[in-house]
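[1] Compute the structure for the input listed below.
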Amino acid sequence: MSHVLRAATELGAAEWVKPWSGSNAGNCVEAKPLDDGRVALRQSTDPDGPALIYTRGEIAAFIIGAKAGDADFLLS
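    Numbers count the residues shown, from 1 in each chain. Model (predicted):
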């Protein structure tokens, strides 16, 4: 995956969602769909910090791989 790094503040405050929130004391990844089809990700505890921007295809590949167990090694 390649990504673009931008200040999250440049992307606006609206439309950020926490699709993967749970019982992790508020430490969540927030996602925002961008008008050009890309997806921005930021750390919820640092909303003014950096945002990583990925293409729709990159996000799809990550989600498909995670569902298939390709990232399970990160939990062991």
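[2] which element is the residue nearest the centre of the chain on?
    Central residue of the chain (Cα atoms, centre = their mean): residue 41, 2.9 Å from the mean position. Per DSSP states H and E: residue 41 is located in strand 39-43.
[3] Now that strand: buried residues?
    39, 40, 41, 42 (16 or more other Cβ atoms under 10 Å). Using the backbone N, CA and C atoms, a C-beta is placed for each residue, glycine as well.
[4] what's the span of stretch 64-75, first residue to last?
    Chord length of stretch 64-75, first to last residue, is 17 Å (Cα to Cα, to the nearest Å).
[5] Listing request: residues of the chain with sub-threshold pLDDT.
    1-2, 20-26 (pLDDT under 70).
[6] surely the residue nearest to the centre of the chain meets residue 52?
    Yes. Using Cβ atoms under 8 Å, residue 41 is in contact with residue 52, at 4.9 Å.
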